[in-house]
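K.L.:
based on what follows, work out the 3D shape:
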Amino acid sequence: MKTMRKSKTKLNKFRMPVIIITIILFVAGFLGVYWLWNVLIQIQEAPRNVPIIVEPHIDIALPFSGEYKDDQNRFTITPPANWLMKNKNIGNAAVQFINSVADQDVTGKFSASMNVLIEPTNLTVADYAKASESTLVNLLPSYKLIDFKKKTFGLLDGYIIGGTFINNGVMLRNRQVFVVTNGNVYIATAISLNSLWDKYAKDFNVSLYGLRVQ
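P.N.:
A predicted model of the protein is given here:
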C-alpha cells in the first residue's frame, strides 16, 4: 500500500507540471488566431504528445454574458461580458472565454482570454501551488513571478499565482486561481498582453475571485 501511494504521489507531481504548461500553451496558442476558430490548436499532453484538433464545424463560439455554470454543476464563474465562449472541443479546458477584439502593442497581437481546467490530484492546494510556482519558473526562462498568495474561494482555500512571460516574442501576463476539492484541482486562468493588463484587471479579478467550486 505504501509503495502504491508513493507511486500515485510521484505520478501526480509529474502530471501537475504538464497541466500548468498545457494551460499556458493552450492560451498562448491563440496568438494570431483570436476569434477565428478555423485553425488547429496544438496542445501537448504527456506522455502521449497527441495534438488535439479543434474543428470549427463541431461547435461555434458565441457571445456570453452573466454567470457561467458548468453543465456538470462543478463550478461557476462570471467572465467579462460578451466574450466568446467555447465549452466543447478545447483540449483539457472545461470552458474558455475569449475577447473577439484583438489587442496589439509593440511586442505583437493577442486576444485576452480566460479558461477553467479541471484535473485529478492527490496534492493539497498548498503543495500544488508551490509546485506550480517552481514549474513555471524552471520551465519558462522568461517567467517573472508577480503574484503568489493564499485566498479563500467561498468555503474553500485556494491560491493565486501570476506573472509575466514571453511567447513568440509577445510579452504576456497571466493570473491563475487554484482550488482543490474532492480529489480534483480547479485552475482558472486569465491572460492578456502585459502592457494592457490594467485594461482587463477589474474584469479578471471579478471573474477569478468569483470562482465557486461546488
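K.L.:
and the residue nearest the centre of the chain, what does it touch?
P.N.:
Nearest to the mean C-alpha position of the chain, counting by C-alpha atoms, centre = their mean, stands Thr189 at 3.4 Å. Counting by C-beta atoms under 8 Å, 6 or more residues apart in numbering, Thr189 touches 23, 27, 114-117, 174-177. Every residue, glycine included, has its C-beta placed from N, CA and C.
K.L.:
of the residues you listed, which is the nearest to Asp71?
P.N.:
The shortest separation between Asp71 and any of the contacts of Thr189 is 12.4 Å, and it belongs to Val116 (by C-beta to C-beta).
K.L.:
show me what counts as buried in stretch 109-124.
P.N.:
Using 16 or more other C-beta atoms under 10 Å as the burial criterion, the residues of stretch 109-124 that qualify are 110-119, 121-123.
K.L.:
in TSV: these, plus pLDDT and secondary structure.
P.N.:
What follows is the buried residues of stretch 109-124, written out as TSV (pLDDT from 0 to 100; DSSP: H, G, I helix; E, B strand; the rest coil):
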residue	pLDDT	secondary structure
Phe110	93	strand
Ser111	92	coil
Ala112	94	coil
Ser113	93	strand
Met114	93	strand
Asn115	92	strand
Val116	93	strand
Leu117	91	strand
Ile118	92	strand
Glu119	91	strand
Thr121	93	coil
Asn122	94	coil
Leu123	94	coil
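K.L.:
any chance of these in JSON lines with distance to Val206 as columns?
P.N.:
Supplementary listing: the buried residues of stretch 109-124 in JSON lines, determined by distance: C-beta to C-beta, whole Å:
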{"residue": "Phe110", "distance to Val206": "21"}
{"residue": "Ser111", "distance to Val206": "19"}
{"residue": "Ala112", "distance to Val206": "14"}
{"residue": "Ser113", "distance to Val206": "15"}
{"residue": "Met114", "distance to Val206": "11"}
{"residue": "Asn115", "distance to Val206": "16"}
{"residue": "Val116", "distance to Val206": "15"}
{"residue": "Leu117", "distance to Val206": "19"}
{"residue": "Ile118", "distance to Val206": "21"}
{"residue": "Glu119", "distance to Val206": "24"}
{"residue": "Thr121", "distance to Val206": "26"}
{"residue": "Asn122", "distance to Val206": "31"}
{"residue": "Leu123", "distance to Val206": "28"}
